[in-house]
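[1] predicted coordinates and the sequence they were generated for:
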Amino acid sequence: MKTIERSCWYLAFLGASFGHLSGAVGQKAEPSQSVTPEELIDDAIRKIETGDLNGAGALIDRVMKVKPGYERTLLARGLLLAEMKHGPEAIATLEQYNKTKDAGNEYRSYAALGRLYRDSKIFRLAVRPLEQAKDLAPLEENGRPVKANITIELASVLNKLTRTEEALKQAEDAGRLAPNDPEILLRMANIYYTAQNYPAAIQALDRSISLLNSRLKADPFRSEEHGLLKACYELKINVAQAQRAADPDDAMLLFSLAQSTREVAEVGRRIGMLIAREYMIEALNRDPGQHGWRVALAELEMELGALQDAMQHLNEVFKNEPNHPEASRLRDHIQAMFKSQSVP
């Protein structure tokens, strides 16, 4: 904590230096006369949550000029410092905000503090702010399961402290709060795994995998879901290996290991295909007349399961080359796949 005390001088410096962040937003950050400091800080917090740190810094800087004593500015500054990886300064600012009357029922400062202590591996100090954040947080905000995310963070911290029973209780609470969130289920499964409750871990993983596959069927280009799916299968491998320690001759466990290992390889291949797709799109944006490249993109998207997207690219080719042989071959193949999917 001495580091935090020594860094407090930095807070005053930051008040003057936040203005440099506004360069990227220019005149767009200029508030109209009808916009209040309260609204500007709320907007700054939204920008922080969406990753627009430059825009948030510009708004915070303006509020500090027009209403220097506004306490809620401390919250926005603390959240911004946390995102900028200035841990000690962020902790000092958020702790200062939590002592103000303005703090009230604001969950964000406690949640951010808990995460900062967790990231600093000061797990003991992370527990209390995460508990407070859980009590204050809404169930959902902007489509995100806020309370469940904080609850699983708390479970993870308790797990690090080997407070296993409490960690399991919080993990179960998170699962009840967000039963259809694949990431929450994955993190639950990890806590069950460390607690050696392997059946519960597999159950949570299978549920997460099912949800992720449904999302990817609807949108095969979701890279985050592919990453979560790979992590699910990797954890299934760890669970099966732990189970084998007790029963090395169990054939079913060996088969489960084989399946999960194969799935990890397949998801890894799909992740590579997504990266390749981005390169192909960039290449075509620079040279759209390369019809062979567009056919290659369509074939890649077909392999990912995005048949409609693949057909759209082929139609672009046919506008310029109605008899393109490779495009025609691929179109016939995709049309056959469409027909097979429509058969009950």
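    Ah, there it is. A quick note: this is a predicted structure, and the numbers were derived from the prediction, not measured.
[2] residues contacting the residue lying closest to Val267 once chain neighbours are set aside?
    The shortest distance from Val267 to any non-neighbouring residue, by C-beta to C-beta, 6 or more residues apart in numbering, is to Lys230 (4.3 Å). For glycine as for every other residue, the C-beta is placed from the backbone atoms N, C-alpha and C. Applying C-beta atoms under 8 Å, 6 or more residues apart in numbering to Lys230 gives the contacts 264, 267-268, 271.
[3] again, only using 10 Å
    When contacts are counted by C-beta atoms under 10 Å, 6 or more residues apart in numbering, Lys230 touches 212, 263-268, 270-271.
[4] okay, and the residue sitting nearest the centre point of the chain sits in which element?
    When C-alpha atoms, centre = their mean is applied to the chain, the residue found nearest the centroid is Glu224 (7.1 Å). Using DSSP states H and E, Glu224 falls within helix 223-246.
[5] how many neighbours does the nearest residue to Val63 once chain neighbours are set aside have?
    Spatial nearest neighbour of Val63, chain neighbours left out: Pro37 (4.7 Å); criterion: C-beta to C-beta, 6+ apart. Using other C-beta atoms under 10 Å, Pro37 has 18 neighbouring residues.
[6] quick check: Pro37 touching Asp102?
    No - taking contacts as C-beta atoms under 10 Å, Pro37 lies outside contact range of Asp102: 12.0 Å.
[7] what is in contact with these two at once?
    70, 72-73.
[8] the longest helix in this structure is where?
    helix 251-286 (DSSP state H).
[9] let me know the angle separating that helix from helix 223-246.
    Per axes from the mean of the first three to the mean of the last three C-alpha atoms, to 10 degrees, the angle that helix 251-286 makes with helix 223-246 is 160 degrees.
[10] output the contacting helices and strands for the helix or strand following helix 251-286.
    The helix or strand immediately downstream of helix 251-286 is helix 291-304, counting by DSSP H and E. Packing contacts for helix 291-304, counted by 3 or more C-beta pairs under 10 Å, 6 or more residues apart in numbering; DSSP states H and E, involve helix 251-286, helix 307-320, helix 325-342.
[11] quick one: which of those helices is nearest Asp181?
    helix 251-286 (19.1 Å; C-beta to C-beta).
[12] list the buried residues for that closest one?
    253, 256-257, 260, 263-264, 267, 270, 273-274, 277, 280, 284 (16 or more other C-beta atoms under 10 Å).
[13] ditto for stretch 65-77
    So, applying 16+ other C-beta under 10 Å, buried residues of stretch 65-77: 67, 70, 72-77.
[14] and for stretch 47-58?
    47-48, 52-58.
[15] for the residues you listed, which one is nearest Arg329?
    Using C-beta to C-beta, these come closest to Arg329 at Asp52, 45.4 Å.
[16] and the gap between that closest one and Asn142?
    Distance, Asp52 to Asn142, using C-beta to C-beta, to the nearest Å: 14 Å.
[17] check Thr261 too.
    37 Å.
[18] kindly report the same for Pro325.
    49 Å.
[19] in a markdown table: the contacts of Lys230, plus pLDDT and distance to Ala298.
    Formatted as a markdown table, those follow (pLDDT from 0 to 100; distance: C-beta to C-beta, whole Å):
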| residue | pLDDT | distance to Ala298 |
| --- | --- | --- |
| Leu212 | 98 | 25 |
| Glu263 | 97 | 26 |
| Val264 | 98 | 27 |
| Ala265 | 97 | 24 |
| Glu266 | 97 | 21 |
| Val267 | 98 | 22 |
| Gly268 | 97 | 23 |
| Arg270 | 97 | 17 |
| Ile271 | 97 | 20 |
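[20] widest-spaced pair of those residues?
    Leu212 and Ala265 (16.6 Å).
[21] any idea which helix or strand carries the closest residue to Thr194 other than its chain neighbours?
    Using C-beta to C-beta, 6+ apart and skipping residues adjacent in sequence, the residue nearest Thr194 is Asn159, 5.9 Å away. Taking DSSP H and E as the criterion, Asn159 maps to helix 146-160.
[22] and that helix, what does it pack against?
    Using 3+ C-beta pairs under 10 Å, 6+ apart, helix 146-160 sits against helix 107-119, helix 123-136, helix 164-177, helix 182-194.
[23] pull the CA atoms of it into PDB?
    Output of helix 146-160 as PDB, limited to C-alpha atoms (Å, rounded to 0.1, in the frame of the first residue of the first chain):
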ATOM      1  CA  VAL A 146     -23.300  -7.800 -14.700                       C
ATOM      2  CA  LYS A 147     -24.100  -9.400 -11.300                       C
ATOM      3  CA  ALA A 148     -23.200 -12.900 -12.600                       C
ATOM      4  CA  ASN A 149     -19.800 -11.700 -13.900                       C
ATOM      5  CA  ILE A 150     -19.000 -10.000 -10.600                       C
ATOM      6  CA  THR A 151     -20.100 -13.200  -8.700                       C
ATOM      7  CA  ILE A 152     -17.900 -15.500 -10.800                       C
ATOM      8  CA  GLU A 153     -15.000 -13.000 -10.200                       C
ATOM      9  CA  LEU A 154     -15.600 -13.300  -6.500                       C
ATOM     10  CA  ALA A 155     -15.700 -17.100  -6.800                       C
ATOM     11  CA  SER A 156     -12.400 -17.100  -8.600                       C
ATOM     12  CA  VAL A 157     -10.800 -15.000  -6.000                       C
ATOM     13  CA  LEU A 158     -12.100 -17.200  -3.100                       C
ATOM     14  CA  ASN A 159     -10.800 -20.200  -5.100                       C
ATOM     15  CA  LYS A 160      -7.300 -18.600  -5.200                       C
END
